[in-house]
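Student: Kindly generate the corresponding structure for this input.
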Amino acid sequence: MKTVAFYLLATLALSACTTAMNTGITSNNSNQTVTEFPVQTAMNNIYTKTRSEDLSTVMYGLKMAKEFTVMPKGTTVFNNQQVQSAEVVRLSKVEGQIIDKSVGVNYFTLNPLVFHGFTKDSGEYSIATQSVTIPKVATVGDSNQFVTERIYSDSSKNIPVNFYNLTWSLSRASANTAWFCIDIDIYTEPCSICAENSFEIINYMSE
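Tutor: Predicted coordinates:
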């Protein structure tokens with residue numbers, strides 16, 4: 001089993017270089033401790049809205065970069081259901097040279113947000129089972145497993161590859177910020193390892 005973490009910094013602080021999030025919380029006291037944050041809005045912003053990120057670091061003296069872009073694609077049919085879709089393009093670079101590229105599509109419905117699965121250009125086909133509704137607002141310290149995904153080698157669904165359990169959690173970062181984390185437990189089928197590690201920090205603000 002492998003665990004992958006995807007972190008967000010949900011905050012009320014204003015910043016010109018952040019993505020907007022309306023927390024629905026107002027305060028006249030900047031020192032007031034905030035305990036509730038809009039996790040469903042955060043999840044929508046991650047998976048369903050247009051966004052682009054460029055993350056980089058230096059390892060072994062080489063600049064490593066991970067770029068990804070999310071682009072909504074509208075209504076489609078997935079697994080015999082009418083759903084919304086969003087394309088995700090991921091690029092991995094070393095010293096500016098692309099060493100890996102993958103294109104996938106996430107499938108979901110809205111109001112409330114429910115995940116149905118994904119497809120990849122490699123042929124992988126995922127069927128997601130969402131066990132609970134993602135709450136509109138959660139309190140610092142809350143967490144819940146919300147999706148199990150069974151991954152197949154292709155759309156015939158004859159050969160299972162692995163499966164994921166996704167759990168969200170909210171933990172204290174500062175008086176008016178919180179870490180929103182999505183942990184992905186990846187259970188591989190015998191002799192097959194297919195884990196895509198991603199880590200990022202995003203600073204969200206109130207409108």
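Student: Ile46: which element?
Tutor: Following DSSP states H and E, one finds Ile46 within helix 39-47.
Student: list the contacts for the residue lying closest to Phe108 once chain neighbours are set aside?
Tutor: Counting by C-beta to C-beta, 6 or more residues apart in numbering, Phe115 is the residue found nearest to Phe108 once chain neighbours are left out, at 5.1 Å. (Each C-beta comes from the backbone N, C-alpha and C, glycine too.) Listed by C-beta atoms under 8 Å, 6 or more residues apart in numbering, the contact set of Phe115 reads 47, 106-108, 128, 130, 147, 149.
Student: Can you give me the distance of Glu36 to Asp183?
Tutor: Between Glu36 and Asp183 the distance is 21 Å, computed by C-beta to C-beta, to the nearest Å.
Student: still on that earlier bit, any idea how far the helix holding Ile46 is from the chain center?
Tutor: 8 Å (C-alpha atoms, centre = their mean, to the nearest Å).
Student: buried residues in it?
Tutor: Neighbour counts using 16 or more other C-beta atoms under 10 Å place 39-47 of helix 39-47 among the buried residues.
Student: Repeat that for stretch 128-148.
Tutor: Neighbour-count burial for stretch 128-148 flags 128, 130, 134-135, 138, 140, 142, 144, 146-148 (criterion: 16+ other C-beta under 10 Å).
Student: do stretch 70-77 as well
Tutor: Val70.
Student: what does stretch 107-121 give?
Tutor: Buried positions in stretch 107-121, judged by neighbour count with 16+ other C-beta under 10 Å: 107-108, 113-120.
Student: how about the buried residues of helix 39-47 in TSV, adding distance to Lys157 and pLDDT?
Tutor: Shown next, in TSV, are the buried residues of helix 39-47 (distance: C-beta to C-beta, whole Å; pLDDT from 0 to 100):
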residue	distance to Lys157	pLDDT
Val39	31	85
Gln40	29	87
Thr41	33	86
Ala42	31	84
Met43	26	84
Asn44	28	85
Asn45	30	84
Ile46	26	82
Tyr47	22	84
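Student: nearest to Ile99, of the buried residues of stretch 107-121?
Tutor: Ile99 has its nearest neighbour among these in Lys120, at 17.3 Å by C-beta to C-beta.
Student: Report the beta-bridge partners for the residue nearest to the closest one when sequence neighbours are not counted.
Tutor: Among residues not flanking Lys120 along the chain, Gly104 sits closest, at 4.3 Å (C-beta to C-beta, 6+ apart). Under DSSP bridges, the beta-bridge partners of Gly104 are Val88, Lys120.
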